[in-house]
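**Student:** build me a model:
(4 chains)
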Amino acid sequence: MSAPADSIEIQNVVASTGIGQELDLEALAEDLPGADFNPDNFPGLVYRTQEPKAAALIFRSGKIVCTGAKSIDDVHEALGIIFEKLRGLSIPVDEDPEITVQNIVSSADLGHNLNLNALAIGLGLEDVEYEPEQFPGLVYRMDEPEVVILLFGSGKIVITGGKRTDDAKTAVEEIVKRIDDLGLLG
Amino acid sequence: RLRKWQERIRTKDAGERNLQFALSEIDRMASALGVPRSVREVASVIYRRALNEDLIRGRSIEGVATSALYAACRQEGIPRSLDEVAEVSRVPQKEIGRTYRYISQELGLELKPVDPKQFVPRFASSLGLSEEVQSKATEIIDVSAEQGLLSGKSPTGFAAAAIYAASLLCNEKKTQREVADVAQVTEVTIRNRYQEQIEAMGFR
DNA sequence: GCTTTAAAAAGTAAGAT
DNA sequence: ATCTTACTTTAGAAAGC
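**Tutor:** So this is what the prediction gives:
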């Protein structure tokens, strides 16, 4: 018996932090191999780590956004690599910068096909956005936990907007309950 | 103060002019789309409601007017696709879709998902297909939707495939290209939906 | 509101073969 | 006709227009 919650996989974690030091991005772009910096397009410098794979947006203020990591541990690991790289360039970086998780994107499988038309009406048109002409997924905004769930006809779903690790699990259990109560789960 | 008074008049005039512009745009687009007068009236009501609830702030008048018309067509059961609406509007399709979702949510329109069957009469008649083909296409849509094939699929593509299939079954064949053109979808989409629908109907 | 980053879901589209 | 690539949706931070 495999519960839908057991199929949850974190796909992306977005986090922010800061080194507590202003940066000269022009100079950093020169000293940091592989850095992408196009100030005309975007004010942040893009730096990618290979292991773990992640992308960091480094700003002049010293603030950093890390995205693309597959776990919170990976976020810390990737940022740790970046902090060391900066220190290696004689840039003072705070001892242990606070890292804040801003968003976690997860995927899961409910294990049954879904009738999205019936679900749109059953879950309540006021909380649902389902426009298959524009996007095949049904968008459901849940209040507790405060996340957005994308549901597809295949039964596969995406949970995003959560900041805590267990938000996805709570959300999946809740949406399964609601769909089941409507008699729309397989 | 006289100045304050004049400003009020100016603001009122500007607002009145904007409303007139929006309503004339709705009228122009509705004519181009060939929708009945009743739909234009529903669109006007939706636009005025959006105006009263201050939903136009930060959005273009034309965008809200177009979205109101798109919503009105759906509400009246004679939907136009976003592509069709975008063709007669000066607002990009992406913005129409976004604005529609916004006003639909804020005004609590609660419109049900578009039913592919609602496109059948219009698409079929512009292809010169008979009543028989239309009812066959409708049947195909009902049967395949009941079997869960509709979830996530574009209503226009779904309708187009059913019309194509029905035209074959009734010996009034239209090519995939002809159907694709009136429905504004690609032949690939018709082919994909057609295969699933034929199988759902039990025709291998 | 936009710009950039990453990732999943599934449908549709465009260009190449 | 089939393949590849790319774009649609969701969330969130960053700095600046």
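**Student:** check the chain for its longest helix and report it.
**Tutor:** Since you didn't name a chain, this refers to chain A. Ranked by number of residues, the top helix in chain A under DSSP state H is helix A:72-88.
**Student:** please go with chain B instead
**Tutor:** Chain B, longest helix under DSSP H: helix B:2-33.
**Student:** quick one, what contacts the residue nearest to the spatial centre of chain B?
**Tutor:** Closest to where the C-alpha atoms of chain B average out (C-alpha atoms, centre = their mean) is residue B:80, at 2.5 Å. By C-beta atoms under 8 Å, 6 or more residues apart in numbering or on different chains, the residues touching residue B:80 are B:33, B:35, B:70, B:73. Where C-beta positions appear, they are placed from N, C-alpha and C, glycine not excepted.
**Student:** which one of the residues you listed has the most neighbours?
**Tutor:** Most neighbours among the contacts of residue B:80, by other C-beta atoms under 10 Å in any protein chain shown: residue B:70, with 29 neighbours.
**Student:** just the element for that one, please.
**Tutor:** In this assignment (DSSP states H and E), residue B:70 forms part of helix B:61-75.
**Student:** can you list contacts of the longest helix of chain A?
**Tutor:** Contacts of helix A:72-88 (C-beta under 8 Å, 6+ apart): A:13, A:15, A:17, A:19, A:32, A:47, A:49, A:52, A:54, A:56, A:58, A:64, A:66, A:69, A:93, A:97, A:99, A:101, A:104, A:165.
**Student:** then that helix to PDB, C-alphas only?
**Tutor:** What follows is helix A:72-88, C-alpha atoms only, in PDB (Å, rounded to 0.1, in the frame of the first residue of the first chain):
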ATOM      1  CA  ILE A  72      17.500  22.000   2.000                       C
ATOM      2  CA  ASP A  73      20.800  20.300   2.800                       C
ATOM      3  CA  ASP A  74      21.800  20.900  -0.800                       C
ATOM      4  CA  VAL A  75      21.000  24.600  -0.400                       C
ATOM      5  CA  HIS A  76      23.300  24.800   2.600                       C
ATOM      6  CA  GLU A  77      26.000  22.900   0.800                       C
ATOM      7  CA  ALA A  78      25.800  25.000  -2.400                       C
ATOM      8  CA  LEU A  79      25.900  28.200  -0.400                       C
ATOM      9  CA  GLY A  80      28.700  26.900   1.700                       C
ATOM     10  CA  ILE A  81      30.700  26.400  -1.500                       C
ATOM     11  CA  ILE A  82      29.900  29.900  -2.600                       C
ATOM     12  CA  PHE A  83      30.900  31.400   0.700                       C
ATOM     13  CA  GLU A  84      34.300  29.600   0.500                       C
ATOM     14  CA  LYS A  85      34.800  30.800  -3.100                       C
ATOM     15  CA  LEU A  86      34.300  34.400  -2.000                       C
ATOM     16  CA  ARG A  87      36.500  34.000   1.000                       C
ATOM     17  CA  GLY A  88      39.100  32.600  -1.300                       C
END
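**Student:** thank you, goodbye.
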